[in-house]
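Trainee: I would like to see how this sequence folds:
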Amino acid sequence: MSTTVTDEQIRDLAATAKPYSVALLHWGPERTMEGADAIELEHQRRMVSLRAEGVIAVLCPVASDTVAGVAIMTVPAGKAAEIMAGDPCVRAGMMRCEVHPCHGFPGDALPA
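Mentor: The predicted structure is shown next:
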């Protein structure tokens, strides 16, 4: 690491932290069930809609045999878990979801 960060910078950044939730989606045993492609398309449509509505701040599909994706959500963990329980892939057993409370820093973004 070549950037020096002071204790004051750490404290200043920590003071800006906001609560979020992180949803971790893992592939489940029914990933390849009959009709999986149509169910996954509905999952994708729902996730993009939640992103457009601001419920998901960062949406990251993952290219993995075990992890399906990560979503940083702007709602409390309980609400995020409720939302994700209604996901078509979760309901079908194609994915399972873990939701954890987390903190983030306003203004953080993925590079374009």
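Trainee: for residue 69, helix, strand, or coil?
Mentor: For residue 69, the reduced secondary structure class is strand; criterion used: DSSP: H, G, I helix; E, B strand; the rest coil.
Trainee: wait, doesn't it sit right on residue 62?
Mentor: Yes: using CB atoms under 8 Å, residue 69 is in contact with residue 62, at 5.2 Å. (Glycine included, C-beta is placed from N, CA and C.)
Trainee: could I get the full set of helices for this protein?
Mentor: 7-14, 36-52, 77-85, 88-92 (DSSP state H).
Trainee: on that earlier part again, and residue 69 and residue 62? which has more neighbours close in?
Mentor: A direct count of neighbours by other CB atoms under 10 Å for residue 69 and residue 62 places residue 69 higher, at 21 against 14.
Trainee: so what's the more buried one bridging to?
Mentor: Residue 69 forms beta bridges with residue 25, residue 61, as assigned by DSSP bridges.
Trainee: now it: how far from residue 12?
Mentor: Remark: distance between residue 69 and residue 12 (CB to CB, to the nearest Å) = 32 Å.
Trainee: can I get the helices of the chain in TSV with mean pLDDT, distance to residue 103 and mean neighbour count?
Mentor: Shown next, in TSV, are those (pLDDT from 0 to 100; distance: least, CB to CB, whole Å; neighbours: other CB atoms under 10 Å):
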stretch	mean pLDDT	distance to residue 103	mean neighbour count
helix 7-14	94	9	10
helix 36-52	98	20	15
helix 77-85	98	12	17
helix 88-92	98	25	19
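Trainee: take these and lay them out in TSV including distance to residue 27.
Mentor: Rendered in TSV, the data for these read as follows (distance: least, CB to CB, whole Å):
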stretch	distance to residue 27
helix 7-14	35
helix 36-52	11
helix 77-85	15
helix 88-92	9
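Trainee: for those, which one sits closest to residue 58?
Mentor: With CB to CB as the measure, helix 36-52 is the member of the helices of the chain nearest residue 58 (8.4 Å).
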